[in-house]
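Trainee: Give me a 3D structure for the following:
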Amino acid sequence: MTEDTSDLPIPSIAQIPEELPLLPVRDIVVFPYMVLPLFVGRDLSIKAIEAALSSNRLLFLTTQKNQATEQPAAEDLHQMGTVGVIMRMLKLPDERIKILVQGLTKARIQDFTQSSPFFSVQIETITEEPVAISSLEHEAIMRSAREGLEKLLGLGKAIMPDVLTVIENLNDPGRLADIIASNLGLNVDTTQEVLEIEDPLARLRRVNEILGKEQEVLSMQQKIQAEAKGEMDKTQREYFLREQLKAIQKELGELDDRTEEVADFRHRIQEATMPEKVLKEAEKQLKRLEKMHQDSAEAGTIRTYLEWLVEVPWSRRSTDNLDIGQASKVLHEDHYDLERVKERILEYLAVRKLKDKMKGPILCFVGPPGVGKTSLGKSIARALGREFVRMSLGGTRDEAEIRGHRRTYVGALPGRIIQGLKQAGTINPVFMLDEVDKIGMDFRGDPSAALLEVLDPEQNNAFVDHYLGVPVDLSDIMFITTANVTDPILSALRDRMEIIEIPGYSEEEKLGIAQRYLIPRQLEEHGITDQHFQLTDPGLAQVISQYTKEAGVRNLERELANIMRKIARHIAEGRIKRYRVSPKNLHQYLGVPKFLPEQEQEKDEVGVSTGLAWTETGGDVLYVEASAIKKGKGQLTLTGHLGEVMKESAHAALSYIRSQGTRLRIDPSLFSKQDIHIHVPAGAIPKDGPSAGITIATALASCLTQLPVKRDIAMTGEITLRGRILPIGGLKEKVLAAKRAHIQSIILPKRNKKDLEDIPKHLLKGLQFILVDTMSDVLNNALRSRSRQKVKTRTIRSQTSSGPSKKVAASIARTPLRQKFAKGS
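Mentor: You can find the predicted model right below:
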């Protein structure tokens, strides 16, 4: 609908009422005598126009202070504005209104009388008296303004020709200032400043200053353009010549695919913004391609090489998200615990925020499978706002996988580092190198040695791939490697990385991870909602303890998926209800428990001790059994698939027990008349390492003294022939294994006390740590004493089989247990 009011008389300034509807405008300042179209879409603006049209067509137009404000308040509007009259109104299909308004006179807001549904204000009109051009100063100011506008036009300023015609016939300095200011394309603040100057001559002087500044800006702009044009002359000349040559070839019908291909490569090389050395090589190869026949083998090789050069992101980079709070939120959303890793990433962000240019860190996450090493890399990329690239190194044996093949070989390609950059599309992604401990080596070279340059912050700013043959800057990449163990990693490579250990999780941590991450993810993947499924906390705890035995949570997620699949089948068959899984009915979904508490844990036994072992999949509980066989020859038999180091520990433990036989009240003849058999169950699994030394020695001492070992105590430590206890590694994994086995007390070497500080406090809750220096301390704490009568009975029985004398037996019966092992070695 169109409403045309242009034929109606325009109200005079005297007819302007004191109260008018207010129309807030954005991006423009309306001056008196100015005619312009406005597009209106806000409700308060449409209501103001309707109110004006229903009365005298007059509006008060003022500019917002902040152009982004959608619903302005009184304080968001400038006090000085212009009274305008609506000349024409048109309603558009998208419910907006287009109006044509003409400014009448300036006015100032006195008060806001209404704010809803539109603004209504009391105004005071500002009337400017015409200034007679009588003095030379006035004439000079006006002429200077006209000449300044003409100079701007000569410098390339876009000004409508009608404006120059109008200002030539103007003698009013105020109107002259207004029309020049409204046509210069100034920013809103500067234009509003001109509007608010009430004195016409002062306003024109301010416009003259603005004209002078605009002339300086345009002059400088022309100078810059002239300098740039001089530099571009050669390029443009070559471009024009090529275009002419192309046009001639096209007219002659000689334009072939090769010419188009070369032109395309030239364009892509220019857009790639390569470093100078790379650009020189690219142009050199392009000239070679231009001279070759397109079907030659060499041309195909060069074509592939140029394709790789232009697709490497030489200068494209993603902007880091330096909001530490947001990054911390992302890391906590994706992963449970792992505080040390999160703290390291936030520290990197903090330094990056303070220093714009810094080398990317090279981190190595070491831990058993399933603890979240790879997914942690994805979270780091999301927190930083970078692209994520993953490259698995497991089984890599060829050095060319890292450095690339030389172009002389058929089917040569860049290494996987350059391929990863192409995949990421940026020069600063988060680059994860998975399974760095499983790199192989053969006659084709050592990939670990090739990684030395990639993962060295001092060298990787000029990494040379064999295929590209030009330096590539890898210093902005955040490299993250993962490994299960550090021993197989090349020592020089290990030295270049910041190793962060991620041990396994306790049952409490697994419970939190399952509730926060695993169960919601499995519900979504199986199309099930909370209305169909509920897994109680005791039920989840039983899944963790009796159906999984791992350091991570990978098998736990598989068992949860097994439950979800069965419930999904019930729902798909029409049996829709809420399924509640608890310990009572858990076996219906997962079958019988796969892991039950070992029988040895239920009672104290002679010759059976509990040790703690470290494995690639986390910590584990290790039982050592010792048995003395009468009528033997003093031989030591070791079974259980033991490694050489563990066998040596067993011999050292036996030698210690023999050396302390007198103090332990063991008949020396037993060592020559009895065979000793040491067995570690789960014989199909290889076992090795020195930390089982005190466990073997305790089992031997228990077997030979017939004193039972406490079932609720576990131990780990290396033993020497003198009975000293040496420190061990993998303490956190072993503590987690003890927690999973519900062991309450752990015997540790005293020199491992410092390592307890690195274990989270909640993992230490409920555990008692016994720190020992010597083997006698271990025996005092691990062996359980019997009543005096039982000791006497055992001793007398030993006497009947060539054991100690009655006198010795009586002495043993009178000696308390702790006194027996007090001296140690």
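Trainee: partner strands of the biggest strand by length in the chain, parallel or antiparallel?
Mentor: Scanning the chain for the longest strand, with DSSP state E as the assignment, gives strand 97-114. Sheet pairing of strand 97-114 (DSSP bridges) gives strand 35-40 (antiparallel), strand 80-91 (antiparallel), strand 120-126 (antiparallel).
Trainee: of all those strands, which lies closest to Ile489?
Mentor: Among the strands paired with strand 97-114, the nearest to Ile489 by C-beta to C-beta is strand 35-40 (66.6 Å). Any C-beta I mention is one placed from the backbone N, CA and C, and that applies to glycine too.
Trainee: Could I get the full set of strands for the stretch 651-800 of the chain?
Mentor: Secondary structure of the stretch 651-800 of the chain (DSSP state E, counting those that start in this stretch): strands located at 675-679, 713-715, 718-719, 725-726, 745-749, 768-772.
Trainee: for the fourth one, what is the average pLDDT?
Mentor: Per-residue pLDDT over strand 725-726 has a mean of 94.
Trainee: Other residues contacting it?
Mentor: With C-beta atoms under 8 Å, 6 or more residues apart in numbering as the test, strand 725-726 has contacts from 690, 694, 717-720, 749-751, 772-775, 777-778.
Trainee: The third one too?
Mentor: Among residues not part of strand 718-719, those counted as contacts by C-beta under 8 Å, 6+ apart are 649, 652-653, 656, 690-691, 693-694, 696-697, 725-728, 749, 775.
Trainee: and with 6 Å instead?
Mentor: Contacts of strand 718-719 with the rest of the structure, by C-beta atoms under 6 Å, 6 or more residues apart in numbering, involve Ala652, Ala653, Pro690, Ser691, Gly693, Ile694, Ala697, Leu726.
Trainee: what does stretch 55-62 give?
Mentor: Contacts of stretch 55-62 (C-beta under 6 Å, 6+ apart): 5, 20-23, 25, 30, 52, 77-78, 81-86, 121, 123.
Trainee: what comes up buried for that stretch?
Mentor: By neighbour count with 16 or more other C-beta atoms under 10 Å, stretch 55-62 contains the buried residues Arg57, Leu58, Leu59, Phe60, Leu61, Thr62.
Trainee: Can I get the contacts of strand 718-719 in CSV including neighbour count and distance to Val366?
Mentor: As requested, those are exported to CSV (neighbours: other C-beta atoms under 10 Å; distance: C-beta to C-beta, whole Å):
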residue, neighbour count, distance to Val366
Ala652, 20, 29
Ala653, 28, 30
Pro690, 16, 21
Ser691, 27, 18
Gly693, 29, 25
Ile694, 31, 26
Ala697, 31, 30
Leu726, 15, 23
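Trainee: which one of those residues is nearest Leu36?
Mentor: Ser691 (86.5 Å).
Trainee: Check the gap between that closest one and Lys647 for me.
Mentor: 14 Å (C-beta to C-beta, to the nearest Å).
Trainee: How about Lys280?
Mentor: With C-beta to C-beta as the criterion, Lys280 and Lys647 are 64 Å apart.
Trainee: Settle it for me: which of those two has more neighbours?
Mentor: Taking neighbours as other C-beta atoms under 10 Å, Lys280 and Lys647 compare with Lys647 leading, 15 against 12.
Trainee: State the three-state secondary structure for the more buried one.
Mentor: The assignment at Lys647 comes out as helix when based on DSSP: H, G, I helix; E, B strand; the rest coil.
Trainee: again, but for Val624
Mentor: Under three-state DSSP, Val624 comes out as strand.
Trainee: Having no further points to raise, I will conclude here.
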